[in-house]
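J.: Provided below are the primary sequence and the corresponding predicted coordinates.
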Amino acid sequence: MSGVLILVLAAITQEAYPEMAGSTGHDKEPAKQLANEIFNAEGTFFSFLSGEKKSAEIIPTWKTERSEKSLDENRKQLILTFAEPQSGLVIQGEAIQYTDFPAIEWVFKIRNEGKEPTPILENILPIDLGFPLSREKKAKVRYANGSECRLDDFAPFVMSLGPNEDDPQAGWIGEKNPFRLESKGGRSSCGRLPFFNLDLGTHGWMVAMGWTGDWFMEFYRTEAEVRMRGGMKKTHLSLHPGEEIRTPRILLLHWDNQPIEGHNQLRQFLLKHHSPQINGKRAEVPIGLATWGGNYIKNHIEHGKWLADNQLPFDLLWVDAGWFGNDEAKEGANVFNSQWGAFVGDWHPNPGYFPDGLAPLGNSLKQNGLGFLLWLEPERVFKGTSWTRDHPDYLLGPVGDNCLFNLGNPEARRMLADFLADLIQKNGLTCYRQDFNMDPRPFWDAADAPDRIGMAEINHITGLYALWDELLERCPNLLIDNCSSGGRRIDLESISRSIPLWRSDVQCWPGFGTTAMQGQTHGLGSWVPLSSGCCDREDTYVFRSALGPGMVLIMYEFEKNIQKHFSVEWFKDMLGQMQHVRPYFTGDFYPLLSFSLAEDAWSAWQFNRPDLNEGMILALRRPKSPFSAMQPHLSGLDPNGKYELEDIDTGAKMQVQGKDLLETGVQLQIDNQPGSKLLVYRKI
C-alpha cells in the first residue's frame, strides 16, 4: 500500500512544482538595462498629478539633472533630479543599482525649495512602469497573504493577468480593472505581504515595497505591456516652504528561467543587502525562551540560571508584556488574566514584580551568558496612563481608549529615543521588542487637513525609521524585534532594521495548531529569509514544525516549574538538532509540496546551501494524513556529484548520485501520525 502512496505523492509534487529546478545563476543585464532606461527617462517610471495635469505631461518641461557615484564594489548610486523653476518644487529620485545581483531600488524625495506652498500633489506613485509583453503571452502575479492572526497567514497565491494556454477562461486584466493588492489599517503586512513576483513566462521581476504604513500595488495589461503602479494609498497634499517628504522604496530584481529562482535570488539579496547588522555582520535570529513579563523577578532570574546551569544553548531570555505599570502582582499572571493592556503608556517596572527595577535581571542574565529581550509598545498609549498626562502634545487621538504616539513630531521622537536608549543601556537589553496592537489609519485620517492628506502617515513612518536608526546607532549591539500584533509590519524597510521574531498572533493561544506554523514557514520563507517559529510543548513534531533560523520556545503556561514540563534531555536533543541545521535556513528554499493547510496532507521543504554543498530536508506528516511515505525530487544539486544523506533520528547514512536525487528523488518514510523526518546532506 505504501508504494502506491509514494507514487501518488511524487505525482502531486511534480504537478504542483514543475518549476523546481536547480539554480542556474542570474543575468544582471536586464536590471542594468532597466536602470539605464529609468535613469535616462523623462520621468516615465513614476507618476503623480499636479492640479489636473499628469506628471508625464509636465516633467519634460522641468529642469533635469543626473549624477552617479560608486558607493562600494557592489553598489552604484544614481540620482535623478527634476526641478520646477517657478514654484521651487524639486523631485529627486535616489536609486541604487547593484552589480552583485540583477537588482535596482529607488526612493523619491520631494521638497519645496520655494517661498510659497506648492500646488496640490496627489496620487504620488513611486512606480508606474511597463514591461514589454505581447497580448498573447501569459503573465501572472505571485503574491501572499500578510498576517491577520489567521491560520492562512502568509499563504501563497497566483493571479493570471489574462487568458493563456494554462487558463483560457481567465479574464483580461486591463487598466480599468487592474489586479490590486493592498495593506489594511496602516500596517504594511496586514492583509497582504508587500512582496510580489511578476511572472512573465520565461523570466520575471521580484518586486518589494519598503513602506511600513499603507500601500497598494496594481497590475494590468495593455496590448504591448504588463504595467505595475503603486505607492501610498492616500496622497493629496501641498508642501510648505522648506518641507521635504519621501515615498515608499521600490525594489525590482530580475530572474530568468523559473519563478523559484526569483524567490531564492530575492532571499539571498535581502540577506546581503537588507538585513540588520551587528558589528558589521548580519544579525543572527536568536533562540529565545519566552516568559510572561508579569512574573516575580526571582522567577525570571531562576529561569536564566536554569538555562545556564544545564548548558542549554539559548541566546536570550524573552520577557514579554506585563512587566510594567501598576497591575496587581500575583502568581500565575498571564496575557489572558491580567490587565497589562491598561498600563501601556506607564513604562516603569511594576514594583510588585521588580522592586529594584529591571537592572538586577539584566545583570544576572549577562552573568549567565544570556541576552535580554524586553517587550514594549510605545506607539499605543492607553487612556489615563502617565504619558497621556505628561505629554498630551505628543499624541494623536484619542480613538476609542487609545492614543497614537506621534513619531512625526520631532520633539516627541527625541523624547522617545532618549527614553528607550536609556532603558536599553541601563538594563542590559540586547533585543528591543516593539509591538503595535492597533491600526494607526484612523489617527492619521483624523490628523490630516484637506490639503495635507497623507502627511500624518508620511511623518509617522519616516519618524519610525529615524527612531530605529537612532537606537541602532546609540546601541550598536542591539537587535530590534518587529512584532505589531504578530507579523503585521514586514516590508523592505522594516526588515532592513529588524527581524519579525513573532510572525503571527495565531501562536498566542495555548495549544495553537502546528499546521499554521508550517504554513508560515512555507509562505513567508518564500519571500523573507529571517523570522522565527515557535514551540510551546515538549513534542518533537511541534518543535520541528517551528524550525527556522531562530525559534521562540513559549513557557507562559509552565513558568512555575519549567523542569516539570520540559526535560533537560529533550531540550538538549532538540536544540542540538537545531544548531546542526540552523545554517541551512539562510540557503535556497525549495518547497517540496504545494502549500496546504489540510490536516490530511504533508509539509515538506528543502534548504540548500550551494556555497557549502550541504543542506537539509524536513518532512512533516500531519495528524490525519493517510500517506506514510513520499519521494520528492530535490533541487539545486550537482547532477554529477555524489551526496551523503544522514537521518538525524537514526544516524543512518546513504550515498546517492546528485542526478538521482534530482530526477528520481529521495524516499521519506514516516510511520507516526503525526510524525517528522529530518535529513541533512553534503556533497562528498
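T.: Yep, it's here. Given the structure is predicted, the values throughout are model-derived calculations rather than measurements.
J.: just the strands in the stretch 451-600 of the chain please.
T.: Counting by DSSP state E, counting those that start in this stretch, one finds strands in the stretch 451-600 of the chain at the ranges 452-453, 479-482, 532-535, 550-554, 588-591.
J.: make CSV out of the ones you listed and add distance to residue 80, mean neighbour count and mean pLDDT.
T.: Just so you know, the C-beta spots here come from the backbone N, C-alpha and C atoms, and that holds for glycine as well. Putting the strands of the stretch 451-600 of the chain into CSV (distance: least, C-beta to C-beta, whole Å; neighbours: other C-beta atoms under 10 Å; pLDDT from 0 to 100) gives the following:
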stretch, distance to residue 80, mean neighbour count, mean pLDDT
strand 452-453, 26, 18, 98
strand 479-482, 31, 24, 99
strand 532-535, 39, 25, 95
strand 550-554, 39, 24, 94
strand 588-591, 34, 24, 98
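J.: redo the ones you listed as a markdown table? Include distance to residue 207.
T.: Compiled in a markdown table, the strands of the stretch 451-600 of the chain are given as follows (distance: least, C-beta to C-beta, whole Å):
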| stretch | distance to residue 207 |
| --- | --- |
| strand 452-453 | 26 |
| strand 479-482 | 21 |
| strand 532-535 | 25 |
| strand 550-554 | 27 |
| strand 588-591 | 18 |
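J.: most centrally placed residue in the protein?
T.: Nearest to the mean C-alpha position of the chain, by C-alpha atoms, centre = their mean, lies residue 490 at 3.7 Å.
J.: am I right that it is in contact with residue 500?
T.: Yes. Counting by C-beta atoms under 8 Å, residue 490 does reach residue 500; the two are 5.5 Å apart.
J.: find residues that contact each of the two.
T.: Taking C-beta atoms under 8 Å, 6 or more residues apart in numbering as the contact rule, the neighbours common to residue 490 and residue 500 are 482, 528.
J.: the residue nearest to residue 621 when sequence neighbours are not counted: how many residues sit nearby?
T.: With C-beta to C-beta, 6 or more residues apart in numbering as the criterion, residue 621 has its nearest non-adjacent residue at 4.2 Å, and that residue is residue 670. The local packing count at residue 670 equals 20, with neighbours defined by other C-beta atoms under 10 Å.
J.: same check, this time on residue 306
T.: Residues lying near residue 306 (other C-beta under 10 Å) number 16.
J.: distance check, it against residue 291.
T.: Using C-beta to C-beta, to the nearest Å, one gets 11 Å for the distance from residue 306 to residue 291.
J.: residue 123: what's it in contact with?
T.: Applying C-beta under 8 Å, 6+ apart, one finds that residue 123 lies in contact with 47, 48, 49, 231, 235, 236.
J.: try it again with 6 Å
T.: With contacts defined as C-beta atoms under 6 Å, 6 or more residues apart in numbering, the neighbours of residue 123 are 48, 49.
J.: just residue 357 next, same as before
T.: For residue 357, the residues meeting the contact criterion (C-beta under 6 Å, 6+ apart) are residue 349.
J.: mind checking the SS state of it?
T.: Secondary structure of residue 357, reduced to three states by DSSP: H, G, I helix; E, B strand; the rest coil: coil.
J.: please export the C-alpha coordinates of stretch 582-597 as PDB.
T.: Once side chains and other backbone atoms are set aside, the C-alpha atoms of stretch 582-597 remain, and they are given as PDB (Å, rounded to 0.1, in the frame of the first residue of the first chain):
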ATOM      1  CA  ARG A 582      20.400  26.300  11.600                       C
ATOM      2  CA  PRO A 583      23.000  27.400   9.000                       C
ATOM      3  CA  TYR A 584      20.900  25.900   6.200                       C
ATOM      4  CA  PHE A 585      17.900  28.200   6.700                       C
ATOM      5  CA  THR A 586      19.800  31.000   5.100                       C
ATOM      6  CA  GLY A 587      20.200  29.000   1.900                       C
ATOM      7  CA  ASP A 588      17.900  28.500  -1.100                       C
ATOM      8  CA  PHE A 589      14.400  27.400  -0.200                       C
ATOM      9  CA  TYR A 590      12.600  24.800  -2.200                       C
ATOM     10  CA  PRO A 591       9.000  23.700  -1.100                       C
ATOM     11  CA  LEU A 592       8.700  20.000  -2.000                       C
ATOM     12  CA  LEU A 593       4.900  20.100  -1.900                       C
ATOM     13  CA  SER A 594       2.200  22.600  -2.800                       C
ATOM     14  CA  PHE A 595       1.000  24.800   0.100                       C
ATOM     15  CA  SER A 596      -1.800  23.200   2.000                       C
ATOM     16  CA  LEU A 597      -3.300  23.600   5.500                       C
END
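J.: show me the domain layout of this protein.
T.: 2-17+592-683, 29-273, 285-376+530-578, 377-476 (automatic domain parsing).
J.: for residue 516, which of the ones you listed is the nearest?
T.: Ranking the domains of the chain by proximity to residue 516 (C-beta to C-beta) places domain 29-273 first, at 4.6 Å.
J.: tell me how far that closest one lies from the chain's centre.
T.: Between the mean C-alpha point of domain 29-273 and the mean C-alpha point of its chain there is a distance of 18 Å (C-alpha atoms, centre = their mean, to the nearest Å).
J.: measure residue 420 to residue 427 for me?
T.: As defined by C-beta to C-beta, residue 420 lies at a distance of 11 Å from residue 427.
J.: hmm, I was thinking of residue 650
T.: From residue 650 over to residue 427 the distance is 45 Å, taken as C-beta to C-beta.
J.: so which of those two has more stuff around it?
T.: For the pair residue 650 and residue 427, the greater number of neighbours falls to residue 427 (19 against 8), based on other C-beta under 10 Å.
J.: residues touching the more buried one, list them.
T.: With contact set as C-beta under 6 Å, 6+ apart, residue 427 has these partners: 358, 359, 362.
J.: and for residue 639?
T.: When contacts are counted by C-beta under 6 Å, 6+ apart, residue 639 is found next to 658, 659, 662.
J.: how about the nearest residue to the second one once chain neighbours are set aside, phi and psi?
T.: Which is residue 659. Nearest residue to residue 659, sequence neighbours excluded (C-beta to C-beta, 6+ apart): residue 639, at 4.1 Å. Dihedral angles of residue 639 (phi, psi; degrees, to the nearest 10) stand at phi -60, psi -20.
J.: buried residues of stretch 314-327, list them for me.
T.: Of all the residues in stretch 314-327, those buried under the rule 16 or more other C-beta atoms under 10 Å are 314-325, 327.
J.: ditto for stretch 358-373
T.: By neighbour count, and taking 16+ other C-beta under 10 Å as the criterion, the buried residues in stretch 358-373 are 358, 360, 361, 362, 364, 365, 368, 370, 371, 372, 373.
J.: quick one on the thing from earlier: could you dump the domains of the chain into TSV with distance to residue 524 added?
T.: What follows is those, written out as TSV (distance: least, C-beta to C-beta, whole Å):
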stretch	distance to residue 524
domain 2-17+592-683	11
domain 29-273	4
domain 285-376+530-578	6
domain 377-476	18
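J.: what score does the residue sitting furthest away from the middle of the chain have for pLDDT?
T.: Computed with C-alpha atoms, centre = their mean, the maximum C-alpha offset from the centroid of the chain is found at residue 86, amounting to 42.5 Å. At residue 86 the predicted local distance difference test score is 87.
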